[in-house]
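> For reference, the sequence and a predicted model appear below.
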Amino acid sequence: DFSGLPASLKYGIMDFIAPTPEASALSKAPASSCATPLPSADKVANQSSQTSEKEKMDFSGLPASLKYCIMDFIAPTPEASALSKAPASSCTTPLPSADKVANQSSQTSEKEKMDFSGLPASLKYCIMDFIAPTPEASALSKAPASSCATPLPSEVPDKMANHLSQTLEKPSPTLLWESLQHAGYTHQSGWLSPAVGQAAYQTATELVQTHLTTSFKKAAVGRGPLQRVMPAERGDYILWLSADVPDAFVPILQAATQLMHSFQQISGVVFTRTSAQLAYYPGDGSGYVKHRDVYVEESNAVEEEKRRLTLLYYLNPDWASGDGGELCLYPSSRSLALQSLPSDQPAITQTQSKAREANMVSFQPVLNNMVLFASETEHEVLPVYRTRLAITVWMYGPRHPFPLCHSPHTPSNEAIFVSIASYRDPECYSTIRSLFSKAAAPERIFVGVVHQVKLPEDGVMLESTAIDPTHLREIRLPHSMARGPCYARYLAQQLYDGERYYLQIDSHMRFVTNWDTQLIQWIQSCQAAGHPQPILTTYPPDYAGKEVAERSELVDDVDDLDALPTLLCAKAFATEPQPTDKISHDSDRMLRLTGRTLRTQFSAPVVSRFYAAGFHFSEATVIRDVPYDPKLEYVFFGEEASMMVRLWTHGYDFFAPPKTLVYHLWTRQFRSTFWENATADWPARRRDALQRVRAILHGAQTECGLGSARSLEAYTGFSGVDFRGQSITPLALTGGLPDHQLF
């Protein structure tokens, strides 16, 4: 809510959300009331058109009442406030009524007026979102970070902070579109509000119970004279959503349409319409074999309206891995070379079929989850063993939204995405500088950092002048919005852009020369030894001397430290110490780990039983398979325990590096911690998060839970740690090695 804020602070906040030179050029003109007649829509449009073509505000498609409401916000006058009550009929996407906008706008005083001219589209839509919130207005585009011409506010008003945090929790249409361009698919958990998902689930269930035999039809395969019902190939019943769409489905279809319009605005790709259906699988073990939503020859018809994007919205609460029904996507099938296979050459067919099935990804059909992919992508629904419901929306257009010849990354692509969560850390910039300066191939390093800072005093921590801006992606948050490392790492993962490898580190690290080449070689050696999903992880040695009193005394170049490597070992189940009396004490006992030094350097990565969140190197498929849970708020101890069982049950194996390539700063004397922001509601929110952690550690299936590749019981036997009984075996205390091999 902008009301009550001076113009300079408004622009400061907007520069904090999406830093740009335009936003930093704060208006110095005094705010005054406008007693002249209301400017025409054309005049306002002309003012807006003075900016570059891609940045200008476009009034087309808005009803007159909303146009005048926006103009009233730019130049408030009594005349402008007398908004027309004409129905909003010409808007291309659903917008709130003029009355609602008028009520919100009228709360802003004369001195609070704002001028849209000169602002980029992302900030214009941010302002509009606060005037009249819509999903489309909330689609803030990524903007490169730049310095602010005046000091930014150290705090953001609560209402805006809440709104910003809600925006950052979900990928914007820009991020979704970029993911589509790169991989041909994207997905989002919790796409709409829980209330929308629950209402749609209830309505869909009622429709199946009352209209299955009358309104639904058994789905068929093929087309034209070859179309036939083949339950062994496709077992769902479908209901087309064309006329008399149930009220509970309307928000879903509107959100899909608004997303389509956002894609069109972002990319310039033309979309013409949508169609939708409700699909019901009875849970009798049937599924839907591999197929495409548009035929190859149709997909290649460039100027003919065809299905271009397929959006799936799932309506299945409490879905478990044993229920089946996963959606399997085959992104490599989009390659033109692999779309049509020669039937007269079996050897080639078999080889290309395997290539086409490479990089398969799968998704559980969980309530309120959305999957979006190019319609020519081959996909299937695995056998379903309980009732399964989904709404499908197809987006049509005359041409491809992105090239068909795209294929996923090949093994020759060795780009590394580095995730860094930083809380008021003066060592963060030195960490990033070390990453690039010590890499054998700095051009393949791409850093995504979440800065949680208190401005202006922490401004030096945002220093990045020596870093190539095309290799640095940033999210900047007020320190008061910090929710702990899990939430920050979740945000950092949203900055991933298709790199092959994933490095997750803390913001106070140092690297030795050629660290990148050596880590990749070790991953490849693990894979060659029969471990397809290895993770290199440990607690690295310290780069600070034991008697360091000033930060200036810290070592910057660690090449000569030559510390022996470490192996993760279980230590104890212990209660987390409470850093402030604002957080109530509870009896949560979490597994503690320790890094024990290996007496000698091994020649190859050492099998590890445990996982460290502050140093993780693997292939980037882990971001898709086991993403961070944003709901683990204010959890510190518990992060690693939950991630290690999730990763291991998803098929990932842990290894300790045989040589020290990375160093860590273990003392906290030079940095603050997020605990300093403790508020009255923290204990309850942290308690809820710890309950989620305990549920995972006890084997419950949750939204961000265990995998199905291996069981939790198997991990207990492998690691020597029983989370339910809170017991640790001697094997776990030594990390699986004989004690004499460790210090």
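Received, thanks. Residues are numbered from 1 along each chain as shown.

> only C-alpha atoms for contact and neighbour calcs from this point on.
OK.

> and Phe373, that's in a helix?
No - using DSSP: H, G, I helix; E, B strand; the rest coil, the secondary structure at Phe373 is strand, not a helix.

> For burial, what's the neighbour tally of Ile391?
A count of nearby residues for Ile391, using other C-alpha atoms under 10 Å, gives 24.

> Now do the SS call for it.
Assignment for Ile391 (three-state DSSP): strand.

> Quick check: the closest residue in space to it that isn't next to it in sequence vs Leu568, distance?
What sits nearest to Ile391 in space, not counting adjacent residues and going by C-alpha to C-alpha, 6 or more residues apart in numbering, is Leu278, at 4.6 Å. In this view, Leu278 and Leu568 are 49 Å apart by C-alpha to C-alpha, to the nearest Å.

> Those two - which one has more neighbours?
More neighbours surround Leu568 than the other of Leu278 and Leu568, with 27 against 24 (other C-alpha under 10 Å).

> Next one: Thr716 from Lys290, what distance?
Applying C-alpha to C-alpha, the value for Thr716 to Lys290 is 37 Å.

> Please read the previous query as pertaining to Arg724.
In terms of C-alpha to C-alpha, Arg724 sits 41 Å off from Lys290.

> Same drill for those two, tell me which one is more crowded.
Taking neighbours as other C-alpha under 10 Å, Arg724 and Lys290 compare with Lys290 leading, 16 against 12.

> That one: helix or strand, and which one exactly?
strand 288-291 (DSSP states H and E).

> helices or strands next to that strand in the packing?
strand 378-381 (3 or more C-alpha pairs under 8 Å, 6 or more residues apart in numbering; DSSP states H and E).

> same thing but 10 Å
strand 327-330, strand 378-381 (3 or more C-alpha pairs under 10 Å, 6 or more residues apart in numbering; DSSP states H and E).

> Please list the residues outside it that contact it.
Strand 288-291 has contacts (C-alpha atoms under 10 Å, 6 or more residues apart in numbering) with 219, 221-222, 230-236, 281, 325, 327-330, 376-384.

> now with 7 Å?
233-235, 378-382 (C-alpha atoms under 7 Å, 6 or more residues apart in numbering).

> how about those residues in a markdown table, adding neighbour count?
Supplementary listing: the contacts of strand 288-291 in a markdown table, determined by neighbours: other C-alpha atoms under 10 Å:
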| residue | neighbour count |
| --- | --- |
| Glu233 | 14 |
| Arg234 | 21 |
| Gly235 | 25 |
| Glu378 | 24 |
| His379 | 24 |
| Glu380 | 19 |
| Val381 | 22 |
| Leu382 | 19 |
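
> hmm, which two among the residues you listed are most spread apart?
Gly235 and Glu378 (17.6 Å; C-alpha to C-alpha).

> then the host helix or strand of Gln521 to CSV, C-alphas only?
For Gln521, the host element (DSSP H and E) is helix 515-528. Written as CSV, here are the backbone C-alpha positions of helix 515-528 (Å, rounded to 0.1, in the frame of the first residue of the first chain):
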residue,chain,number,x,y,z
TRP,A,515,38.3,-25.8,-8.3
ASP,A,516,35.7,-26.0,-11.1
THR,A,517,37.6,-28.4,-13.3
GLN,A,518,38.4,-30.7,-10.3
LEU,A,519,34.8,-30.8,-9.0
ILE,A,520,33.5,-31.8,-12.4
GLN,A,521,36.1,-34.5,-12.8
TRP,A,522,35.2,-36.0,-9.5
ILE,A,523,31.4,-36.0,-10.3
GLN,A,524,32.2,-37.7,-13.6
SER,A,525,34.4,-40.3,-11.8
CYS,A,526,31.6,-41.1,-9.4
GLN,A,527,29.2,-41.5,-12.3
ALA,A,528,31.7,-43.8,-14.1
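
> Checking the closest residue to His182 other than its chain neighbours next. Helix, strand or coil?
Leaving aside its sequence neighbours, His182 sits nearest to Gly498 (C-alpha to C-alpha, 6+ apart; 6.7 Å). Put simply, Gly498 is coil when judged by three-state DSSP.

> Check the gap between Gly498 and Thr186 for me.
In this view, Gly498 and Thr186 are 11 Å apart by C-alpha to C-alpha.

> quick one on the thing from earlier: let me know the closest of the contacts of strand 288-291 to Ala441.
Closest approach to Ala441 among the contacts of strand 288-291 (C-alpha to C-alpha): Glu378, at 35.6 Å.

> Find the nearest non-adjacent residue to that closest one, please.
Arg292 is the one closest to Glu378 (C-alpha to C-alpha, 6+ apart), at 4.8 Å.

> and if you look at Trp177?
Spatial nearest neighbour of Trp177, excluding adjacent residues (C-alpha to C-alpha, 6+ apart): Phe263 at 6.5 Å.

> ok, then the element right after the helix or strand hosting that neighbour?
If you go by DSSP H and E, Phe263 is part of helix 250-267. Per DSSP H and E, the first helix or strand lying C-terminal to helix 250-267 is strand 273-281.

> List the buried residues of that next one.
274-281 (16 or more other C-alpha atoms under 10 Å).

> who's in contact with Ala320?
Contacts of Ala320 (C-alpha under 7 Å, 6+ apart): Gln701.

> Look up the pLDDT of it for me, please.
In this prediction, Ala320 carries a pLDDT score of 91.

> Next, count neighbours for Ala714.
Close neighbours of Ala714, defined as other C-alpha under 10 Å, add up to 12.

> ugh, wrong one, Thr186
Thr186 has 20 neighbours, counted by other C-alpha under 10 Å.

> Report the contact partners of Cys636.
Slight slip there: residue 636 is Phe, not Cys. Phe636 neighbours (C-alpha under 7 Å, 6+ apart): 484-485.

> Can you give me the distance of it to Gly725?
Relative to Gly725, and taking C-alpha to C-alpha, Phe636 is found at 21 Å.

> same check, this time on Gly484
Here the criterion is C-alpha to C-alpha. By it, Gly484 lies 27 Å from Gly725.

> Looking at the two, which is more packed in?
Gly484 (21 against 8).

> Give me the phi and psi for the more buried one.
phi 100, psi 170 (degrees, to the nearest 10).
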